[in-house]
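Asker: Give me coordinates for this.
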Amino acid sequence: MSQLAQIAAFLGIFFLISGPVHECAHAWTASKLGDNTARLFGRVTLNPIAHFDPIGGMMIVLASFAGFGIGWAKPTPVNPYNLRGRYADTLVSVAGPLSNLVIAAFFAIALRLLDGHWGLNGSAFAYEADSILGAASVLCFIGVQLNVMLMIFNLLPIPPLDGSHVLFDMLDRETAQRLRPILDQYGIFILILFILPIFQGSSLASLIFQHVGYPIVGLLIGAPIGLN
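Answerer: Numbering: from 1, shown residues only. Sure thing, here's the model as predicted:
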């Protein structure tokens, strides 16, 4: 499978599966916990069109070809004041990343079923796919890696990522009130530092994925993922 085909597979999985399921999980969980804002906006759906963000979509396309960057689906509107329960905001926030882990597990199961038709050499897109089954294996591996990456990235405790909601929910109210304005103001700049390739050609986000994501991917597919 050519590099262009792999990028197309990456984008297809993000736009048609990973992004919509992630945002729908937020919307569905919020609805179950008392906030129907997302439901009123038609976001409790797996329809990719409902979750497509033009700017975020363009950014992830550019990032796919550039090798670094960031993209996003349309953020799910949630009113935390309508949620029931002390840690309801946390539950809504982690629903998205956990949905990506579930998707990764499904792709991993499919990849295991295709055992014998793929070969791993420790790199994200380093497969030789010379058959339909080989191409299917590449597609499944991309699905595993992409969704594990989305899970880890979204759990970073930096606004506006899901992990920031978890962080503020876990802190005592006074500390959260002091910290939130600072992180809300500078979160985007912190994210830019995370994705820029400033560490010998690698970004901090990629280094985190290599040391945290690779073991998770390896566990899911049943094969060790090493660094190049």
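
Asker: What score does residue 130 have for pLDDT?
Answerer: According to the prediction, residue 130 has pLDDT 58.

Asker: and what of residue 228?
Answerer: Reported pLDDT for residue 228: 47.

Asker: now residue 192
Answerer: 88.

Asker: List the backbone torsions phi and psi for it.
Answerer: Main-chain torsions, residue 192, degrees, to the nearest 10: phi -60, psi -40.

Asker: wait, residue 9 sits on residue 145?
Answerer: No - between residue 9 and residue 145 there is no contact under CB atoms under 8 Å: 10.9 Å. For the C-beta atoms, the positions are set from N, CA and C on the backbone; glycine is no exception.

Asker: of those two, who's got more company?
Answerer: residue 145 (24 against 20; other CB atoms under 10 Å).

Asker: just for the protein, where's the confidence low?
Answerer: 1, 116-130, 226-228 (pLDDT under 70).

Asker: any idea which element the residue lying farthest from the centre of it lies in?
Answerer: When distances are taken from the C-alpha mean of the chain, residue 174 lies farthest, 30.3 Å away, according to CA atoms, centre = their mean. Using DSSP states H and E, the element containing residue 174 is helix 173-195.

Asker: Following the chain past that helix, name the next helix or strand.
Answerer: Moving toward the C-terminus from helix 173-195, the next helix or strand (DSSP H and E) is helix 204-208.

Asker: Identify the residues contacting residue 73.
Answerer: Neighbour list for residue 73: 19-20, 22-23, 51-53, 56-57 [criterion: CB atoms under 8 Å, 6 or more residues apart in numbering].

Asker: Using a markdown table, lay out the residues you listed together with secondary structure, distance to residue 200 and neighbour count.
Answerer: As requested, these are arranged in a markdown table below (DSSP: H, G, I helix; E, B strand; the rest coil; distance: CB to CB, whole Å; neighbours: other CB atoms under 10 Å):
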| residue | secondary structure | distance to residue 200 | neighbour count |
| --- | --- | --- | --- |
| 19 | helix | 31 | 25 |
| 20 | helix | 36 | 23 |
| 22 | helix | 31 | 27 |
| 23 | helix | 35 | 28 |
| 51 | helix | 36 | 26 |
| 52 | coil | 35 | 15 |
| 53 | coil | 32 | 16 |
| 56 | helix | 28 | 17 |
| 57 | helix | 30 | 19 |
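
Asker: Out of the residues you listed, which two sit at the greatest distance?
Answerer: 22 and 57 (13.9 Å; CB to CB).

Asker: Run through the neighbouring helices and strands of the longest helix seen in the chain.
Answerer: In the chain, assigned by DSSP state H, the helix with the most residues is helix 88-113. If contacts are counted by 3 or more CB pairs under 8 Å, 6 or more residues apart in numbering; DSSP states H and E, helix 88-113 sits against helix 19-32, helix 132-154, helix 162-170, helix 214-221.

Asker: middle-most residue in the protein, spatially?
Answerer: Short answer for the chain (CA atoms, centre = their mean): residue 150, at 1.5 Å.

Asker: do you know how far that one is from residue 100?
Answerer: As judged by CB to CB, to the nearest Å, residue 150 and residue 100 stand 4 Å apart.

Asker: Overlap of the contact sets of the two?
Answerer: With CB under 8 Å, 6+ apart, residue 150 and residue 100 have common neighbours 18, 22.

Asker: who are the neighbours in contact with residue 36?
Answerer: Neighbour list for residue 36: 30, 82 [criterion: CB under 8 Å, 6+ apart].

Asker: Residue 90 versus that one, what's the distance?
Answerer: Distance from residue 36 to residue 90, counting by CB to CB: 19 Å.
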